[in-house]
Each structure stands twice: as structure tokens, then as C-alpha cells.
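[1] Okay, here's the prediction I keep looking at, along with the sequence it came from:
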Amino acid sequence: MEPILIAEDEAPIRDLIRLTLEGAGYDCVCAADGDEAADRIEERDFALAVLDIMLPRIDGYELLRYLQTTGTPAIFVTARTAVADRVRGLRLGVFEPDGTALYATLPPTLPADTLQRALTGEGQPRVVLVQDSLGARYLLAAGLAVLPDGAVALVHGQPLQAVWAARAARQRTALAAGAVLLALAAAGSRLLCRRLTRPLARLEQTSRQIAAGDYGRRTALRTGDELASLSASFDEMADAVQEKIELLQENLQAREDFVAAFTHELKTPITSMLGYADLLRSAETTPQTRQLAAQYIYQESRRLEQLGGKLMALMQLAGPPPALEPTALAAVFYRLRRSLPPGEPRAELPDTDARVLADAVLLEDLLYNLIKNARTATPADGRIWVEAAVRGDRVEVSVRDTGCGIPARDLPRICEPFYRVDKSRARAAGGSGLGLALCVRIAELHGSRLDIQSREGEGTAVTLCLQAAPPAPETEKEADP
């Protein structure tokens with residue numbers, strides 16, 4: 001029997017699928033990313049492919065197109081169940097799990113929500129008038145076709161361009177005839193009224209366009225009278241409205257991205273824990289398999305605990321900024337040496353007399369996270385060191401490493417919550433993708449920001465600029481560690 005290909009970048013889920021199929025007597029070949037899966041497909045034939053959509057390098061949709069050229073059937077196992085993802089899969093010839101919906105030849109310009117409206121009829125025939133992204137109108141007719149083995153949902157799209165074109169032509173003819181009659185009847189009064197009301201008409205048109213969502217519209221009247229003053233005030237109001245709308249849209253998009261990423265972060269460990277728990281509960285397994293399942297359940301539980309702690313810390317930092325007090329960097333570095341976990345490479349912390357205005361606990365947490373991230377990206381024979389330099393009334397604190405570096409395409413998004421450059425490596429080290437987001441917020445509370453400089457293959461430097469504090473009194477110096 002030909003083997004089954006499993007393409008999944010999450011090791012716990014990949015191992016769970018493999019153990020389940022091997023327990024049923026199937027031979028499995030695993031791949032951790034899209035490139036590896038494509039290589040396995042070129043090397044041999046497979047009876048079936050089990051694919052994840054969010055694969056690194058080559059995603060599941062591209063692998064499905066490749067598999068269709070070889071005639072290999074495939075199954076998607078994914079947490080992405082949005083309408084857009086389902087319709088994209090249906091366009092590639094993918095069946096729903098219950099086998100009742102099929103989509104093949106409808107125009108790709110039809111939006112996903114219109115297709116969903118046609119398909120959600122609870123078994124009753126539906127007729128929906130829709131418009132695609134190019135402005136063309138279609139009449140979608142959907143209904144169930146009952147077959148001996150079940151039923152399938154059929155959707156037919158009938159273009160209405162010819163009907164609408166004929167209707168528009170008749171309307172144009174009628175409008176043209178009416179316009180000629182009106183022009184002959186009121187030519188003189190039209191010229192005068194148009195001259196007097198043109199600025200007002202422009203104001204009205206612009207206000208309607210803005211109300212309809214075109215916030216970039218402006219009147220810009222130059223009549224030199226009261227209407228010009230009204231136009232200037234109107235445009236100032238439109239500028240303020242556009243700025244607020246753009247800010248709201250950015251905040252809404254950021255919130256949606258955060259919720260989507262957080263949901264995905266929860267689904268992955270929960271799926272692994274439930275799967276391995278069910279495997280232990282419902283099947284006789286070897287001691288090695290039980291040990292592997294227990295280890296994965298423990299690791300994923302710890303990962304959820306760390307994720308919750310990071311989120312709580314991030315929520316606590318959303319309040320007003322703390323009081324900044326004179327803080328000796330030497331004391332902060334002393335506590336860091338004691339709190340950093342053992343491991344290679346060890347961070348080199350400098351001896352310095354510099355003092356800064358800071359919250360000592362938050363500053364220590366920021367440096368702890370930066371050093372921990374640097375250790376994740378740096379091999380054991382590499383180097384991690386911290387620098388502190390006084391520049392006038394500012395003190396620059398930098399955390400540098402000789403690790404793998406960050407690709408230039410990832411630098412703009414590196415501080416976003418849940419964003420990872422190398423997802424598999426970060427998760428293997430227990431990362432949640434929230435460490436740098438915490439560091440950014442702590443820097444903001446200190447009136448600063450993180451300056452991240454990195455070159456792939458050479459290393460990374462993260463710099464924080466803090467306000468210098470006056471020298472400590474002699475009694476305080478004697479008390480410092």
C-alpha cells in the first residue's frame with residue numbers, strides 16, 4: 001500500500017496524526033513545511049495527503065494544486081474556517097467534510113460573501129441578485145440536487161450584462177428626450193440659476209460623497225465671498241473627520257488582527273492536548289507513546305500558562321505611566337545576573353556608574369526579555385553582551401548578539417503581538433510572540449522607543465535611550481550592590 005503524506009508545521013499535531021494513522025495500520029511520511037512536502041511528492045507516489053493550510057514557504061493551497069497534477073487526493077486539517085478560506089478551497093475543487101457543497105466554475109470576481117448568501121438556504125432553492133468586484137451583475141440560483149448517495153448543492157450564475165445594457169439604453173433614450181424638452185423650455189433661467197447655485201451644489205455633492213465613505217473629498221471653493229469661507233471651514237471639518245476615521249480603522253484592524261492571532265495561539269496547544277488525552281483514553285498505547293503524549297500535554301499546558309502571564313502583564317501596562325525614579329544601572333545588572341536562567345551563551349553585563357530615570361522592576365523585565373530573545377537566536381558558541389553609554393543627558397542601553405539576525409522583510413512587524421520570524425523555533429523554545437510587545441510598551445512608559453538594527457546571519461542590536469539621572473549621594477553609593 002502506498003504511504004500517506006502528512007504536511008504539518010506544528011510538531012505536536014503532526015505527531016498526533018502520524019500516531020493515529022500508524023495505529024490504524026497505515027504507513028506515514030511526514031513533512032514540516034511546504035518545501036519538504038513538495039520534495040516528498042516528487043520522490044514517490046502517495047495514496048493520500050493530509051495538509052495544513054498555514055505551512056511555511058509553500059502553503060497548503062499551492063501544495064493542493066501540485067497534488068492535483070498527480071491525481072493524489074488530499075485532506076485539509078486546519079483551524080482556518082472563515083468564509084474566505086472555505087470559498088478559496090472550494091474553487092480548487094475541495095469538498096466540505098459532509099460532502100454536500102461543490103463549487104467549480106463561477107466567476108472568481110464574485111465576492112465570497114455573495115457566494116455564502118447563495119449557499120445558505122437550509123436546503124431550499126434560492127435566487128440571489130449579486131454584483132461582482134468589476135461591477136458586472138449576476139443572477140445566482142442555488143438548490144439541492146438529490147442523488148442516490150446523498151445530495152449536492154448546485155449554484156448557477158447567469159450574467160445580466162445584456163439585460164442591464166438594454167435597460168440602460170432605454171433609460172438613456174428617455175432621459176435624453178426629457179433633457180431636450182427641459183432645455184428648450186427653461187434655457188434662460190437655467191443659465192442664471194446654475195451660476196448662482198454652482199458653489200452650493202458642489203458643497204452638497206461633496207458632503208454626500210463624504211457621507212457615503214469617500215473621506216478624501218474636499219470642496220476647495222475660490223469664490224472670494226462668504227461661500228469660500230464656508231468651504232474652508234467645511235474642508236477643515238472633513239480633514240478632522242478623515243483623521244478620526246482612519247485612526248478608528250487602524251485601531252479596528254489592529255484589534256481584529258490581535259483577536260485572530262490570539263485565537264490561533266489558543267487553538268494549537270488545546271488541539272494537541274485534547275488529541276493526546278483522547279489517544280491515551282481510547283487506545284492501548286506503548287509506554288514510549290504514553291511518555292510522548294504526557295510530555296506534549298505538559299509542554300502545551302506550560303505554554304498556555306506563559307501565554308496567560310504575558311497577556312496579563314501586557315494588560316497591566318496599558319494604564320498610566322509609573323513614577324520614574326533615579327535608578328543605578330549597576331543595581332539593575334546585578335539583579336539580572338541573579339535572575340537569568342543558566343544556559344549558553346551567557347550575557348555579558350557591563351560595570352557602569354550610570355544612573356537613569358526609570359522604574360527599576362520594569363527596566364529589569366525589559367532587559368530580561370531582550371536577553372532571553374537574544375539567547376533564543378544565538379548558538380551556544382555565540383556572544384550576547386549589554387552596553388551602557390552616557391551621551392549628554394541621555395543614556396543608551398543596548399543588547400547585542402551574534403545570532404542569526406532578523407530578515408529585513410520581518411523588521412517592520414517584529415514588535416507586533418504574536419508575530420514570530422521563525423514560528424517553529426520560537427514555539428520549540430516556549431516563546432509566545434509577546435515578549436517584544438511588552439518591551440515596546442515598557443519603553444513607551446519610559447518616554448522612549450526600541451531601535452532594532454539587525455542583519456541576517458550577523459546578529460541583532462536593540463537600543464533603548466533613557467533620561468539620565470543626577471549622580472547619587474555618597475550614602476546611596478555605599479548602599480548600592
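    All right, it came through fine. Numbering: from 1, shown residues only.
[2] residue contacts, Thr69?
    Contact analysis of Thr69 by C-beta atoms under 8 Å, 6 or more residues apart in numbering lists nothing. (Each C-beta comes from the backbone N, C-alpha and C, glycine too.)
[3] Show the model's pLDDT score for it.
    The model reports Thr69 with a pLDDT of 79.
[4] hang on, it in a helix?
    Yes: the assignment for Thr69, made by DSSP: H, G, I helix; E, B strand; the rest coil, places it in a helix.
[5] how many other residues sit next to Ile58?
    Counted with other C-beta atoms under 10 Å, the neighbours of Ile58 add up to 16.
[6] Look up which helix or strand it falls in, please.
    Secondary-structure assignment from DSSP states H and E places Ile58 in no helical or strand segment.
[7] in the stretch 301-450 of the chain, which spans are strands?
    Along the stretch 301-450 of the chain, the segments classed as strands by DSSP state E, counting those that start in this stretch run 325-328, 347-348, 355-358, 384-391, 394-401, 450-455.
[8] Of these, which stretch is the most buried?
    Across the strands of the stretch 301-450 of the chain, averaging neighbours per residue (mean count of other C-beta atoms under 10 Å) puts strand 355-358 on top, at a mean of 23.
[9] how near is Ser282 to Leu191?
    When distance is defined by C-beta to C-beta, to the nearest Å, Ser282 is 87 Å away from Leu191.
[10] With Ala136 instead?
    Plainly put, Ala136 is 39 Å away from Leu191 if you go by C-beta to C-beta.
[11] next one: Cys465
    Counting by C-beta to C-beta, the gap between Cys465 and Leu191 amounts to 66 Å.
[12] who has more neighbours, these two?
    Set side by side, Cys465 and Leu191 show unequal neighbour counts under other C-beta under 10 Å, the larger going to Cys465 at 19 against 10.
[13] distance of Asp45 from Ile406?
    Taken as C-beta to C-beta, the spacing of Asp45 relative to Ile406 amounts to 40 Å.
[14] So between the two, which is more surrounded?
    Summary of the neighbour comparison: Asp45 and Ile406, criterion other C-beta under 10 Å, with Ile406 having more neighbours (19 against 11).
[15] tell me the pLDDT at the nearest residue to the more buried one once chain neighbours are set aside?
    The shortest distance from Ile406 to any residue other than its chain neighbours is 4.0 Å, reached at Ser454 (C-beta to C-beta, 6 or more residues apart in numbering). Ser454 carries a pLDDT value of 91.
[16] Kindly report the same for the one 10 residues further on.
    Residue-level confidence at Leu464 comes out at 92, pLDDT.
[17] Tell me which residues touch it, please.
    Shown in contact with Leu464 (C-beta under 8 Å, 6+ apart): Leu366, Glu396, Val397, Ser398, Ala443, His446, Ser448, Arg449, Leu450, Asp451.
[18] helix/strand/coil for it?
    strand.
[19] Could I get the full set of helices for the stretch 351-481 of the chain?
    If you assign secondary structure with DSSP state H, counting those that start in this stretch, the helices in the stretch 351-481 of the chain sit at 360-377, 423-428, 435-445, 474-479.
[20] Now do the same contact list for Val395.
    Leu329, Ala354, Arg355, Val356, Ala388, Ala389, Cys465, Leu466, Gln467, Ala468.
[21] correct me, but the third one touches Asp393?
    No: contact status for Arg355 versus Asp393: not in contact, 11.8 Å apart, counting by C-beta atoms under 8 Å.
[22] Any chance you could list residues touching both of the two?
    Common neighbours of Arg355 and Asp393, using C-beta under 8 Å, 6+ apart, are Ala468.
[23] can the strands of the stretch 301-450 of the chain go into TSV with extra columns for distance to Thr219?
    Conversion of the strands of the stretch 301-450 of the chain to TSV gives the following (distance: least, C-beta to C-beta, whole Å):
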stretch	distance to Thr219
strand 325-328	53
strand 347-348	60
strand 355-358	49
strand 384-391	50
strand 394-401	47
strand 450-455	43
